[in-house]
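>>> Give me coordinates for this.
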Amino acid sequence: MKETDTRESSAINVIAQGTQIEGSIITNGDCRIDGIVKGNLVSKAKVIIGRTGKVEGNVTCANVEIEGAIRAESLMVNELVFLKATANVVGNISAGKIAIEPGAEFSGNCKMNNQRPAAAPTPQQPEKR
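Numbers count the residues shown, from 1 in each chain. Down below sits the predicted model:
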């Protein structure tokens with residue numbers, strides 16, 4: 001049983017160029033989109049939107065690399081959002097980190113929610129009188 005779980009989590013799902021899917025996709029493995037997805041995409045792993053790829057729906061994943069287009073209300077990424085120079089993203093991004101190459105287009109709000117602990121306050125020295 002455990003072996004099956006491991007294979008499912010390491011599976012790579014590919015939506016090829018020329019393919020259009022209408023409906024949500026939920027996966028434990030990596031996902032590469034070179035076609036069109038009209039629906040939400042949820043992955044516990046990495047999502048790659050290729051240069052010819054287009055997603056029209058919300059995306060939730062661990063990491064995302066975007067060369068194509070996303071039209072979403074929200075893009076929620078636990079770790080890294082990487083917008084390549086050809087990326088075109090319309091929607092709000094919530095991510096741990098974001099990297100944007102020159103030429104990428106992004107329209108929306110971005111919230112960085114990296115889980116770094118707040119710096120400890122410096123102890124104050126008592127004033128001498």
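
>>> measure the closest residue to N63 other than its chain neighbours to D30 for me?
Take N63 and drop its neighbours on the chain: the residue closest to it by CB to CB, 6 or more residues apart in numbering is K46, 4.4 Å away. Every C-beta, even on glycine, is put in place using the N, C-alpha and C of the backbone. According to CB to CB, to the nearest Å, K46 and D30 sit 5 Å apart.

>>> give me the low-pLDDT residue ranges for this protein?
1-10, 114-129 (pLDDT under 70).

>>> rewinding a little: next, count neighbours for the residue nearest to N63.
K46 has 19 neighbours, counted by other CB atoms under 10 Å.

>>> All the helices of this structure, residue numbers only.
2-9 (DSSP state H).

>>> Give me the most central residue, it.
V64 (3.5 Å; CA atoms, centre = their mean).

>>> who's in contact with that residue?
46-49, 75, 77, 80-82 (CB atoms under 8 Å, 6 or more residues apart in numbering).

>>> same for the longest strand anywhere in the chain, what does it pack against?
Scanning the chain for the strand with the most residues, using DSSP state E, yields strand 69-83. Strand 69-83 is packed against strand 54-56, strand 59-61, strand 63-66, strand 88-100, with contacts defined by 3 or more CB pairs under 8 Å, 6 or more residues apart in numbering; DSSP states H and E.
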